[in-house]
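# Structure of the sequence below:
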Amino acid sequence: MASRYWVVSLPVQNSASILWNNLQDQISKHSFDTPLYRFNIPNLRVGTLDSLLALSDDLLKSNTFIEGVSHKIRRQIEELERVSGLETNALTVDGVPVDSYLTRFVWDEAKYPTMSPLREIVDGIHTQVAKIEDDLKVRVAEYNNVRGQLNAINRKQSGSLAVRDLSNLVKPEDIITSEHLVTLLAVVPKYSQKDWLSSYETLTTYVVPRSSKKLYEDNEYALYTVTLFGRVADNFRTSARERGFQVRDFEYSPEAQESRKQELEKLVQDQDMLRSSLLQWCYASYGEVFSSWMHFCAVRVFAESILRYGLPPSFLACVLSPSVKGEKKVRSILEGLCDSAN
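Alright, predicted model coming up:
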């Protein structure tokens with residue numbers, strides 16, 4: 001729904017059809033590129049003037065809330081479609097494009113009986129939209145929770161060697177663990193590798209000569225193994241740290257590695273399932289909220305027309321979509337028709 005629309009009300013002096021013809025004639029002569037449609041509002045229950053005045057105070061606030069929820073759902077749809085790599089779908093209300101729903105608006109008597117008090121209709125719409133907003137918050141929070149867990153795992157696997165998970169970089173044959181020997185993993189600054197290779201054997205006693213092997217290198221660091229006697233491991237860590245080398249705590253466990261792999265796969269599946277479910281829910285809920293919003297607009301136009309033009313209800317409601325350049329001219333046409341009616 002890229003177009004901007006005005007929903008307007010004009011006072012009827014003699015005949016709504018004559019006023020409609022005059023409006024069409026003026027628009028076609030002076031602003032021919034402005035789409036114009038009737039906005040069909042049924043005869044709603046007026047109630048008392050006091051009740052209309054009290055209702056009018058809440059209409060603007062409720063309109064802002066309902067419009068805000070519709071925009072919130074639309075933005076969520078745009079984000080989900082972008083993340084999913086989907087083409088942007090035209091938003092619909094009961095299968096009808098939103099522009100067509102607005103320009104061909106028909107009051108839903110079954111959902112909003114016209115004999116109901118206006119306050120009851122407005123409160124019902126507000127409650128329904130508020131429930132949808134609460135549901136949206138719960139669903140988005142659930143999706144974001146899984147996405148956050150997945151992002152945290154991905155950061156661990158794609159960060160620098162100083163912080164990332166090392167389990168997918170180390171193979172069983174890289175690690176020696178016996179009664180006396182252990183293999184440590186050292187993170188060496190990329191430009192200090194020569195220093196490491198020339199000094200690691202002397203950082204402490206009982207280091208196995210030529211036991212260091214490079215396993216991986218990123219933009220900042222290189223990952224090396226070193227084998228030594230277990231009883232001097234703490235001394236080696238201290239000496240390495242003093243030379244600017246970081247010895248990472250690591251225990252090779254095929255079971256833990258498989259568990260992490262399964263956890264990652266499950267999170268990916270959960271994220272895809274929740275994203276798809278949330279997107280479908282947003283499509284349906286956007287249509288529901290937009291429909292509610294249009295019914296609310298009809299009530300607002302009806303109530304404010306009576307307060308402005310008086311009783312009995314005698315006004316012409318219509319929808320226009322002027323261009324930015326044509327807004328001033330269209331506004332002048334509408335004001336002229338109001339002046340002639342008065």
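# which residues in the stretch 201-342 of the chain form helices?
233-242, 254-309, 327-341 (DSSP state H, counting those that start in this stretch).
# what's near enough to touch residue 5?
Shown in contact with residue 5 (Cβ atoms under 8 Å, 6 or more residues apart in numbering): 102, 319, 320, 321. Using the backbone N, CA and C atoms, a C-beta is placed for each residue, glycine as well.
# Spell out, range by range, the helices that occur in the stretch 1-150 of the chain.
Counting by DSSP H, counting those that start in this stretch, the helices of the stretch 1-150 of the chain are 16-30, 49-84, 98-103, 118-158.
# most tightly surrounded among these?
helix 98-103 (a mean of 18; mean count of other Cβ atoms under 10 Å).
# quick one: average pLDDT of it?
For helix 98-103, mean pLDDT is 94.
# one step back: find the pair from the contacts of residue 5 with maximum spatial separation.
Greatest spacing in the contacts of residue 5, by Cβ to Cβ: 102 and 320 (11.2 Å).
# Which of the contacts of residue 5 has the largest number of neighbours?
Counting neighbours by other Cβ atoms under 10 Å, residue 320 leads these with 24 neighbours.
# quick revisit: quick check: which of the helices of the stretch 1-150 of the chain is nearest to residue 330?
Of these, nearest to residue 330 by Cβ to Cβ is helix 16-30, at 7.2 Å.
# which helices and strands does the closest one pack with?
strand 36-38, strand 315-320, helix 327-341 (3 or more Cβ pairs under 8 Å, 6 or more residues apart in numbering; DSSP states H and E).
# what angle sits between it and strand 315-320?
In terms of direction (axes from the mean of the first three to the mean of the last three Cα atoms, to 10 degrees), helix 16-30 departs from strand 315-320 by 30 degrees.
# Run through who's touching helix 16-30.
With Cβ under 8 Å, 6+ apart as the test, helix 16-30 has contacts from 10, 12-13, 34, 36, 38, 314, 316, 318, 320, 329-330, 333, 336-337, 341.
# likewise stretch 290-300?
Contacts for stretch 290-300 (Cβ under 8 Å, 6+ apart): 7, 39, 41, 44, 59, 62-63, 66-67, 70, 91, 93-94, 98, 101-102, 105, 107-108, 111-112, 118, 121-122, 125, 128-129, 317.
# Could you find the residue nearest the spatial middle of this protein?
In the chain, the residue lying closest to the centroid (Cα atoms, centre = their mean) is residue 76, at 2.6 Å.
# Distance of that one relative to residue 283?
For residue 76, the distance to residue 283 (Cβ to Cβ, to the nearest Å) stands at 10 Å.
# per-domain residue ranges of this structure.
Listed by automatic domain parsing, the domain ranges of the chain are 1-43+313-342, 45-96+105-167+258-312, 172-251.
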